[in-house]
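Colleague: Sequence first, then the predicted structure, then my questions.
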Amino acid sequence: MITRIRSRFGPEIVAVVLLILAFGFSAFREPRFLDAEYLFDRSTLYMEAGILALSMTFVIIAGHIDLSVTSILALVGAICTTLVSKYGLPPAAMIIIAPVVGGALGALNGLLVSKGKLPSLVVTLATMALFRGVAQILLGDHSLPMPKELVGIHKIQLPGTYFHVPMVLLAILAVIAAGVLHRTVWGRWVTALGTNAEAARHAGIPTGKILIQLFTLSGVAAGIGSMLMLSRLGVARFDHARGLELDVITAVVLGGASIFGGRGTVFGTITALGLVGVVQTGMGVAGVKAEVQVAVIGLLLIVSVLFSNFTARKRGR
Amino acid sequence: MKKLLARRELSLVVAIILIVGVAIALQPRFASEQNIRSILLWVPLLAVAAMGQTAVIITRGIDVSVGSILGLAGMTTAILLRDYPQLGVGGAAVIGIGLGAVLGAINGGMIAFAKVPPIVATLGTLGIYRGLTFIVSGGRQVDDYQLPKDLMNWSLEGPALLSKVPFINSIPWVVWIAIIVMLLSHLGMTYTRYGRDVYALGGNPDAAALRGIPVNFVTFMAYVLCGIGGGFAGVLYASRYGTVNPSGIGNGFELQVIAAVVIGGVSVFGGTGGAPGVALSCLLLGVVNVALSVLAIADTWQMAIYGLVLLVAIIADERFARSARKRAGEAV
């Protein structure tokens, strides 16, 4: 039984143990970590990254990467607020338009990767610049306000609890994602694609179509993330979520997804996201500068890949 | 193959002439001495960093940490010159370049020997090196009055030897340095064993290993070269701008470097492209930059244009590669 758990969830156990250690250490240093209200308040910062990480888990399991998600997030925010403030779009329509625009931008990535036979890394590196660049053209150095009625979603809590709306949304999406990844044919196809794309194609799996769907999904997630971020911050800016891709990819890889594709779990990703959140919050409380925090997350990313490479080699793969 | 490369270089030259022509037609001020000077000072930075990245991308890798390497090396050089002026500009520059090599070696070691995918390793060090830049500087910038005049003069004066020659005497040191670096990397990539190994590895990694090419070492050295280029560019940055700010220096520079390399004809599928094309594309990007500002197109357009041109270059490369495979009779 224990060996079965270990072989199936090995990397995830590492994330769980690290999370417990990091949390214990932080709580020891800073008693505020034991205050539920404080924790839930801090957690609002990580819900957008969480939603991006869910779709990124699929993309990475399929053996690809999407560096442009954070730029899609910024561009969707720029487009939606521009439509509302300059073209009189009713604010409520943003909620529909954001995932649609995000999905369309993601589909462009997917088409280039699938039909153009281009490596996802370079395609999304280029669109990362392109999308954020277009957001910068739209907004310049200014910020556009989010309509008042849509601001502050993270402050709405389930009655009688500290659970805020973004967290509930993330939880629901995580459960759906886990179900799709681990319990549906499509989820198995994604895994097969990442294990051996050539073999998957020969097995009759519609690999091209799956790729387009994956990157579209990634864009939709960025669209949803955009709405959450705008609602939290109250304004759209072109540099929203810049560099957040590091947190997102770190959460996915630290959570046990293989960067080479073929394995990964939603549970691991969410756990590792919690770890990233605890580490960053802990550093923030200790007065560590933002740039140094980024360095620590970068280190975490590298160490997790080094570690998984090492254990994979030890197992003789 | 030669024809294919020549075509890319020719189209870059045509693009440069076109943009210069259009810019002058719309705004004669484009050809002013000040604008030419700003092109001449900006391009060497990019070109020096791009030469190392060229080797990396030919081996099918990528180094997104090069902007942070530039930042850490440039920042360190500036701090050394502020606190230990007795080192001299040359000594500090050597340390800056050496630091770049070490940072590149860290990337290369992880990628070549520990088999960490290039994007993960360098995305991680992108953050780490930027954080270190902050730590070594304490978050404070180095101002131009704290730096020795000699360093600034690299960007202001040319070699004394040429001071009597008209026109050429106004070309500053940094340009000569970039030309030498480009020449060396062209010769190195074309005529040395290492250079040919890089192309062989990029062309077909499995075949390269079977032929006895030390694949790990070749990969490792490509990242070291990229680090050296980044470190050197960091020193040139300090000379060019004088003021070195820990969060400003080299931030986002990796995009320009990678764009320059890919637009210069280095295929992301590995194995093709070289210094001449990359040098031309650096010049092209420099011309575009100045043209944008002269034509009063806001800075805000720059990133989108880079992204778009990069995307077009990647798609064009794939078309080339596919038609080349077709002609060779391989399955597409």
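Modeller: All right, it came through fine.
Colleague: from here on, contacts and neighbour counts on C-alpha atoms
Modeller: Noted.
Colleague: quick one: low-confidence parts of chain A?
Modeller: Judged by pLDDT under 70, chain A has its weakly predicted residues at A:1-9, A:315-317.
Colleague: per-residue confidence for the residue of the stretch 201-332 of chain B found nearest chain A?
Modeller: Relative to chain A, the nearest point of the stretch 201-332 of chain B is B:Ala304 (3.8 Å; Cα to the nearest Cα). Predicted confidence (pLDDT) for B:Ala304: 91.
Colleague: now B:Leu236
Modeller: Reading off the model, B:Leu236 has pLDDT 93.
Colleague: What strand or helix carries it?
Modeller: In the assignment (DSSP states H and E), B:Leu236 maps to helix B:215-241.
Colleague: same thing with A:Arg42?
Modeller: A:Arg42 is part of helix A:36-43 when elements are defined by DSSP H and E.
Colleague: just B:Val266 next, same as before
Modeller: Per DSSP H and E, there is no helix or strand for B:Val266.
Colleague: Tell me, how many residues neighbour it?
Modeller: B:Val266 has 30 neighbouring residues, counting by other Cα atoms under 10 Å in any protein chain shown.
Colleague: Spell out which parts of chain B neighbour chain A.
Modeller: B:114-117, B:119-121, B:123-132, B:134-135, B:255, B:268, B:300-308, B:310-311, B:314-315, B:318 (Cα under 8 Å from any Cα of the partner chain).
Colleague: Show the buried residues in the residues you listed.
Modeller: Among those, those classed as buried by 16 or more other Cα atoms under 10 Å in any protein chain shown are B:115-117, B:119-121, B:123-132, B:134-135, B:255, B:268, B:300-308, B:310-311, B:314-315, B:318.
Colleague: Can you give me every residue that contacts the residue nearest to B:Ile69 when sequence neighbours are not counted?
Modeller: Counting by Cα to Cα, 6 or more residues apart in numbering or on different chains, B:Gly230 is the residue found nearest to B:Ile69 once chain neighbours are left out, at 5.6 Å. Applying Cα atoms under 8 Å, 6 or more residues apart in numbering or on different chains to B:Gly230 gives the contacts B:48-49, B:52, B:66-67, B:69-70, B:73, B:97, B:100.
Colleague: Could you rerun that using 7 Å?
Modeller: By Cα atoms under 7 Å, 6 or more residues apart in numbering or on different chains, the contact set of B:Gly230 is B:49, B:66, B:69-70, B:100.
Colleague: From A:Leu73, how far out is it?
Modeller: The gap separating B:Gly230 from A:Leu73 is 30 Å, by Cα to Cα, to the nearest Å.
Colleague: One more: B:Val312?
Modeller: Distance from B:Val312 to A:Leu73, by Cα to Cα: 23 Å.
Colleague: Name the residue in these two with the higher neighbour count.
Modeller: Neighbour totals were compared for B:Val312 and A:Leu73, and A:Leu73 leads with 36 against 15 (other Cα under 10 Å).
Colleague: Let me know the helix or strand that that one is in.
Modeller: Using DSSP H and E, A:Leu73 falls in helix A:69-87.
Colleague: quick one: which of the buried ones among the residues of chain B next to chain A sit in strands?
Modeller: Using DSSP state E, no member of these falls in strands.
Colleague: and the spatially closest residue to A:Trp189 that is not a sequence neighbour, what are its phi and psi?
Modeller: Nearest non-adjacent residue to A:Trp189, counting by Cα to Cα, 6+ apart: A:Ile205, 6.7 Å away. When read as degrees, to the nearest 10, the backbone of A:Ile205 gives phi -80, psi 130.
Colleague: tell me which element whatever residue of the stretch 101-250 of chain A ends up closest to chain B is part of?
Modeller: Nearest residue of the stretch 101-250 of chain A to chain B: A:Gly133, at 3.8 Å (Cα to the nearest Cα). Taking DSSP H and E as the definition, A:Gly133 sits inside helix A:120-139.
Colleague: B:Leu184 in helix, strand or coil?
Modeller: With DSSP: H, G, I helix; E, B strand; the rest coil as the basis, B:Leu184 sits in helix.
Colleague: In contact with A:Leu158, which residues?
Modeller: A:His164.
Colleague: Ok, A:Val296 next?
Modeller: A:Val296 sits next to B:Ile128 when contact means Cα under 7 Å, 6+ apart.
Colleague: What helix or strand is it located in?
Modeller: Residue-wise, A:Val296 maps onto helix A:290-314 under DSSP H and E.
Colleague: Secondary structure class of A:Leu67, three-state.
Modeller: Using three-state DSSP, the structure places A:Leu67 in coil.
Colleague: What about the spatially closest residue to B:Gly234 that is not a sequence neighbour, how many residues nearby?
Modeller: Spatial nearest neighbour of B:Gly234, excluding adjacent residues (Cα to Cα, 6+ apart): B:Gly74 at 3.9 Å. Neighbourhood size, B:Gly74 [other Cα under 10 Å]: 34.
Colleague: what's around the closest residue to the residue of the stretch 201-332 of chain B closest to chain A other than its chain neighbours, how many residues?
Modeller: Closest residue to B:Ala304 apart from its sequence neighbours, by Cα to Cα, 6+ apart: A:Gly133 at 3.8 Å. Counted with other Cα under 10 Å, the neighbours of A:Gly133 add up to 27.
Colleague: any idea how far A:Gly133 is from B:Ala259?
Modeller: With Cα to Cα as the criterion, A:Gly133 and B:Ala259 are 14 Å apart.
Colleague: just B:Ile62 next, same as before
Modeller: According to Cα to Cα, B:Ile62 and B:Ala259 sit 12 Å apart.
Colleague: likewise A:Gln157?
Modeller: Distance from A:Gln157 to B:Ala259, by Cα to Cα: 46 Å.
Colleague: which residues touch A:Ile297?
Modeller: Neighbouring residues of A:Ile297 by Cα under 7 Å, 6+ apart: A:Asp247.
Colleague: cool, and the one 4 residues further on?
Modeller: Neighbour list for A:Leu301: A:250, A:254, B:124 [criterion: Cα under 7 Å, 6+ apart].
Colleague: Report the spatially nearest residue to A:Asn196, omitting neighbours in sequence.
Modeller: Among residues not flanking A:Asn196 along the chain, A:Gly262 sits closest, at 7.8 Å (Cα to Cα, 6+ apart).
Colleague: Now the closest residue to A:Ser55 other than its chain neighbours. Its backbone dihedrals?
Modeller: Spatial nearest neighbour of A:Ser55, excluding adjacent residues (Cα to Cα, 6+ apart): A:Ser218 at 5.1 Å. In terms of degrees, to the nearest 10, the main-chain angles of A:Ser218 are phi -60, psi -40.
Colleague: Where does pLDDT dip in the stretch 1-150 of chain B?
Modeller: B:1-6.
Colleague: Please report the distance of the spatially closest residue to A:Leu19 that is not a sequence neighbour from A:Phe25.
Modeller: If the residues on either side of it in the chain are set aside, A:Leu19 comes closest to A:Leu275, at 4.8 Å by Cα to Cα, 6+ apart. When Cα to Cα is applied, the distance between A:Leu275 and A:Phe25 equals 12 Å.
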